[in-house]
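Student: return a 3D structure for these sequence lines:
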Amino acid sequence: MVAWACLVLPAVAWPNTAATSAQTPSARVGIFYYPWFATPQRDGAFAHWQQGGNTPPASLASGFYPARGLYSSADGLVVDAQMREIAAAGIGTVIASWWGRGSPEDRQLPQLIAAAKAHGLSVAAHLEPYDGRTVASTEQDIAYLRTFGVSDFYVWASVAFPDAEWAELNARLSGVRTFANTNLVGHAAAGGFDGVYTYDVLLFEGVLFPRLCGQARQRGLLCAPSVGPGYDARRASGDDRVRSRRNGATYDSMWRGAVKARADLVTITSYNEWHEGTQIEPARAGRRGYKCYEGAWGLHGRAAETAYLDRTAYWVRRFTG
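Tutor: You can find the predicted model right below:
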């Protein structure tokens, strides 16, 4: 019933606050970004839109429908518009998913960095668990990515390798910051990381953040907890676990926890991870069966499409002010 309401509720006039109240992007706020989407028109075939046995455009690997339609991450106009939205919300860092040299995400990196720079943004790397990743290969990855000007590295699944190996690597690094994906501050400290982030917005809630950041401060680590609007990956992966958005209340509660924790940085999960339903990129009424942001913070129609970006601008002001 909710998804059908997305189709029939009329659009109403409402200011797009992310666009009309643009603020200077803050380096203390980053957002996870996925440059992995492809379409036949631009790339010769669909990539990622078709996961989970979906057959786009008839069906896509998300419970939501993108406001800009099924797009290609290689489309410079799309990437520029996305960077403009991110900057207008006050977010200063784009944390790009990266799956190793030669991967589609690696090939999109130069264009992404150029577009981000044009809007006053920096780009960090989210080092993903590609096949064959080791601590040694991560050191090579960091050296390679530094040639693009990347200096912040978020290491997903860092606990998959021994703390001692990470400590040896981090002791050799200079001029960069590394963040461990864990809620176990002791592991991050033993591994010699500069900070911690949580990423997961299904299992972790904002009430965790004050304790996490308190422990991080005791160990001299930066605390960069991850806030997000909810989680729903049923169409993409069949994962039946769902964290409801509660018309925006879930997002507010996580931001509230980060502010209360006096976090050093806030990381947002995510801009466009449509598979897991954590995205805040604008969504609209799609085909029957797809959800939208209708009703979030009492917004309807076109105003609801950008509801999460607009709310992000509000929370960035609260956090940095």
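Student: wait, what's in contact with Thr39?
Tutor: Phe46, Trp49, Leu70, Tyr71, Ser72 (C-beta atoms under 8 Å, 6 or more residues apart in numbering). For every residue, glycine as well, the C-beta is placed using N, CA and C.
Student: again with Gly192
Tutor: If you count contacts by C-beta under 8 Å, 6+ apart, then Gly192 has Trp166, Ala167, Glu168, Leu169, Asn170, Ala171 around it.
Student: shouldn't the first one be in contact with Ala189?
Tutor: Looking back up the chat, that one is Trp166. No. When contacts are counted by C-beta atoms under 8 Å, Trp166 is not listed as touching Ala189 (10.5 Å).
Student: which of those two has more neighbours?
Tutor: Trp166 (23 against 19; other C-beta atoms under 10 Å).
Student: the more buried one: which element?
Tutor: helix 163-172 (DSSP states H and E).
Student: check Tyr154 too.
Tutor: Applying DSSP H and E, one finds Tyr154 within strand 152-155.
Student: partners of that strand in the sheet?
Tutor: Using DSSP bridges, strand 152-155 pairs in its sheet with strand 122-127 (parallel), strand 177-181 (parallel).
Student: Thr320: which of those is closest?
Tutor: Thr320 lies closest, by C-beta to C-beta, to one member of the strands paired with strand 152-155: strand 122-127, at 15.6 Å.
Student: roughly how far out does the helix or strand following the closest one sit from the chain middle?
Tutor: Following strand 122-127 in sequence order, the next helix or strand is helix 135-146 (DSSP H and E). Relative to the chain's own centre, helix 135-146 is displaced by 22 Å; criterion: C-alpha atoms, centre = their mean, to the nearest Å.
Student: thinking again about what came up before, just the contacts of Thr39: which are in strands?
Tutor: Nothing among the contacts of Thr39 maps onto strands, per DSSP state E.
Student: thought Glu273 was touching Ala233, still the case?
Tutor: No. With contact defined as C-beta under 8 Å, Ala233 does not count as touching Glu273 (9.2 Å).
Student: out of the contacts of Gly192, which are buried?
Tutor: Trp166, Ala167, Leu169, Asn170 (16 or more other C-beta atoms under 10 Å).
Student: which pair in the residues you listed spans the largest distance?
Tutor: Every pair of these checked by C-beta to C-beta; the farthest is Ala167 and Leu169, at 7.4 Å.
Student: now do the helix holding Trp166: everything it contacts.
Tutor: Taking C-beta under 8 Å, 6+ apart as the rule, helix 163-172 contacts Val135, Thr138, Glu139, Ser158, Thr178, Ala180, His187, Ala190, Gly191, Gly192, Phe193, Asp194.
Student: need the strands paired with strand 152-155 in a markdown table (columns: mean pLDDT).
Tutor: Below are the strands paired with strand 152-155 laid out as a markdown table (pLDDT from 0 to 100):
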| stretch | mean pLDDT |
| --- | --- |
| strand 122-127 | 98 |
| strand 177-181 | 98 |
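Student: measure Tyr130 to Thr138 for me?
Tutor: 10 Å (C-beta to C-beta, to the nearest Å).
Student: what's the answer for Val316, then?
Tutor: 30 Å.
Student: I am finished for the moment; much appreciated.
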